[in-house]
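Trainee: predicted coordinates and the sequence they were generated for:
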Amino acid sequence: MSLPYVRLSGSSYDQGLTQGRALADAIAHNLEVYFRRFEVEGKLPPAEARRRGETYLGAIRQQSPAYAQGLEGIATGSGQSLVDIATLNVRYEILYHQFGREVPDGCTAFALLPAHSADGALWMGQNWDWIEDARGALQHVTEPDGTRVLAFTEAGIFGGKIGLNSYGLGLCINGLVAVGDDWAGLGKPFHLRTYEALRSRTLAEAEAKVSAAPRTASGNFLLGQGEVAVDLEVSPAKVVRWQDERQLVHANHFLDPQAHGIEVPPIEWLDRSGHRHRRLEERLRQLEKPGLADLQDALRDRDGAPYAVCRTASAEEYELGEPYRTVASVIMNLSTLELWISDGPPHENPYEHYVL
């Protein structure tokens, strides 16, 4: 199957309106999924989840009027309440804060530097592992200033979260958890940070956007442009910046938290995240200069299944009614502005090709 492909343009409100109309059924589905997960896994009744979303909406109006207008457009276009759409857009803060020590493991991302790729381009990509029922879409956005963005998002979340722009800047993401994460701090939410990064003209600007204080929710942002890639582990305590001459790989754990004064709660699945990190590292180093087919094969890796780089749900997860899998796999060439994406785990679903 193919992910929905939506073209958006005009003001933030107009972009949201178009997304809301085009993805109305998927947005309604995602709201049902997340409010159920808030209650079952996060122990949050719908009224409390909405209270948090409404509280955060007030902060977003101050942090980014354009983003708030995008949420208003999605609400109008989809026929959903603005509070529900706002709650969906801060689901990262709500769920990760509620999970505490039991956040489900998720994404595995990479950047391959130009001197070490088959065609001399900067390549980035990742498997985005999350709730099996979550529905996504690929958006082609043209901003009023001419900036173009090609990005994956969840239906109902504004702006995009994994993708590239017309300045040759790319973004991949990973969820992280640290002691001190607290939704009530109302720092700039995760999806607002990705929205701003994907509209940045330079790598330095994108770094500043994703790391801006106050930081009240941890997250990892892998950024690249030109011949440079950087990985930023963002936490309330500090931002840790990683670089490498050949490649960068990141999963869902801080690489060296103790050395940087970051306190991490005890999380039983960290060994799974470590396995995915090591496995993707190994796959990328097996060839001197990997090309597209090699990168696709690396993201199809099933070693350690079901908790592999290419993730599928376990029997236990199905029994609990909480399955997780690779919802989308994305690979990007930042020189040619091409993007390949699969709808579901790439060992079972083909990559489809798009050009910005």
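Mentor: Thanks, I have the structure now.
Trainee: right, and the helix or strand after the helix or strand harbouring residue 55?
Mentor: In the assignment (DSSP states H and E), residue 55 maps to helix 46-63. Using DSSP H and E, the helix or strand that follows helix 46-63 in sequence is helix 65-78.
Trainee: between the helix or strand just after that following helix and helix 46-63, how many degrees?
Mentor: In the C-terminal direction, the helix or strand that comes right after helix 65-78 (DSSP H and E) is helix 82-89. Per axes from the mean of the first three to the mean of the last three Cα atoms, to 10 degrees, the angle that helix 82-89 makes with helix 46-63 is 80 degrees.
Trainee: what does helix 82-89 contact?
Mentor: The contact list for helix 82-89, computed with Cβ atoms under 8 Å, 6 or more residues apart in numbering, reads 27, 30-31, 34-35, 49-50, 52-54, 56-57, 60, 71-72, 74-75, 78, 94, 154, 156-158, 189, 191-192. For every residue, glycine as well, the C-beta is placed using N, CA and C.
Trainee: give me the distance from that helix to the chain's centre.
Mentor: Put simply, helix 82-89 sits 18 Å off its chain's centre (Cα atoms, centre = their mean, to the nearest Å).
Trainee: which of the contacts of helix 82-89 count as buried?
Mentor: Among these, those classed as buried by 16 or more other Cβ atoms under 10 Å are 27, 30-31, 34-35, 49-50, 52-53, 56-57, 60, 71-72, 74-75, 78, 94, 154, 156-158, 189, 191-192.
Trainee: now do residue 265, the pLDDT please.
Mentor: On pLDDT, residue 265 comes in at 88.
Trainee: quick one: it and residue 177, what's the gap?
Mentor: Per Cβ to Cβ, to the nearest Å, residue 265 is found 6 Å from residue 177.
Trainee: these two - which one has more neighbours?
Mentor: Using other Cβ atoms under 10 Å, the more surrounded residue of residue 265 and residue 177 is residue 177, with 24 against 14.
Trainee: just the element for the more buried one, please.
Mentor: If you go by DSSP H and E, residue 177 is not part of any helix or strand.
Trainee: my read: it touches residue 263, true?
Mentor: No: under the criterion of Cβ atoms under 8 Å, residue 177 makes no contact with residue 263, lying 10.5 Å away.
Trainee: pLDDT of the host helix or strand of residue 325, averaged?
Mentor: For residue 325, the host element (DSSP H and E) is strand 324-333. For strand 324-333, mean pLDDT rounds to 97.
Trainee: restrict it to CA atoms and write it as CSV.
Mentor: Presented in CSV, the C-alpha positions along strand 324-333 are these (Å, rounded to 0.1, in the frame of the first residue of the first chain):
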residue,chain,number,x,y,z
TYR,A,324,4.1,-1.7,17.9
ARG,A,325,5.9,-1.9,14.6
THR,A,326,7.8,0.1,11.9
VAL,A,327,5.0,2.3,10.7
ALA,A,328,7.1,4.0,8.1
SER,A,329,10.7,3.6,6.8
VAL,A,330,12.3,6.7,5.2
ILE,A,331,15.5,7.2,3.2
MET,A,332,16.6,10.6,1.9
ASN,A,333,19.3,11.9,-0.5
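Trainee: in the sheet, which strands lie alongside the helix or strand just after it, parallel or antiparallel?
Mentor: The helix or strand immediately downstream of strand 324-333 is strand 338-343, counting by DSSP H and E. According to DSSP bridges, strand 338-343 has the following sheet partners: strand 324-333 (antiparallel), strand 351-355 (antiparallel).
Trainee: for this structure, which element, helix or strand, carries the lowest mean pLDDT?
Mentor: The helix or strand of the chain with the poorest confidence is helix 91-99; it has a mean of 76 (mean pLDDT, DSSP states H and E).
Trainee: can you list the strands that the helix or strand just after that helix pairs with?
Mentor: Note on helix 91-99: by DSSP H and E, the next helix or strand toward the C-terminus is strand 108-112. Partners of strand 108-112 in the sheet, by DSSP bridges, are strand 123-131 (antiparallel), strand 247-250 (antiparallel).
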